[in-house]
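Asks: model this:
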Amino acid sequence: SAKESALTTSALKANAAVSAMFLAAEVGYLAFQHWGQKKISWTEFKYQSYEALASQVTSSITSWAGAGACALFAGLLTGPMGIVLAAVFGGMVGGAVGQYAGRRAVHAFLPPYED
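Replies: Residues are numbered from 1 along each chain as shown. Take a look at the predicted model:
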């Protein structure tokens, strides 16, 4: 229905917004490590920024998908509180899976950085 579609779209947008905030924080910290403290090289900064981008994008999508899948499953077995708890749990698990998958993808497709 239109109401469910709007709810799904707003959940996806909310996940994307949270992931964007975490991405900004992570890349900001990396920039501070590179330019402010000279602890990492430019190559390492770029590589770790790619990792952050890939992991936040995949985390946003898998968190949304995990929350939806668990909420759907819980809807078949429990009441409203079970659906909410399942959505939260599914979102956390999905987000963690996305973080791992995104970082693994960077390691698989980009050569390791060398100074």
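
Asks: all contacts plus neighbour counts: C-alpha atoms, from now on.
Replies: Will do.

Asks: contact partners for Ala105?
Replies: Ala54 (C-alpha atoms under 8 Å, 6 or more residues apart in numbering).

Asks: if you set the cut-off to 10 Å instead, what comes out?
Replies: Contact analysis of Ala105 by C-alpha atoms under 10 Å, 6 or more residues apart in numbering lists 51, 54-55, 58.

Asks: buried residues in the longest helix seen in the chain?
Replies: Under DSSP state H, the helix in the chain containing the largest number of residues is helix 42-77. Neighbour-count burial for helix 42-77 flags 42, 44-71, 74-75 (criterion: 16 or more other C-alpha atoms under 10 Å).

Asks: any chance of a markdown table for the contacts of Ala105, columns pLDDT and distance to Gly90?
Replies: Output for these, formatted as a markdown table (pLDDT from 0 to 100; distance: C-alpha to C-alpha, whole Å):
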| residue | pLDDT | distance to Gly90 |
| --- | --- | --- |
| Glu51 | 93 | 23 |
| Ala54 | 94 | 20 |
| Ser55 | 93 | 17 |
| Thr58 | 93 | 15 |
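
Asks: and which of these is nearest to Gly94?
Replies: Closest to Gly94 out of these is Thr58 (9.2 Å), distances taken as C-alpha to C-alpha.

Asks: wait, the closest one touches Leu23, no?
Replies: No: applying C-alpha atoms under 10 Å as the test, Thr58 and Leu23 come out as separate, 11.8 Å apart.

Asks: what separates stretch 29-47 from the chain centre, distance-wise?
Replies: Chain-centre distance of stretch 29-47: 22 Å, with C-alpha atoms, centre = their mean, to the nearest Å.
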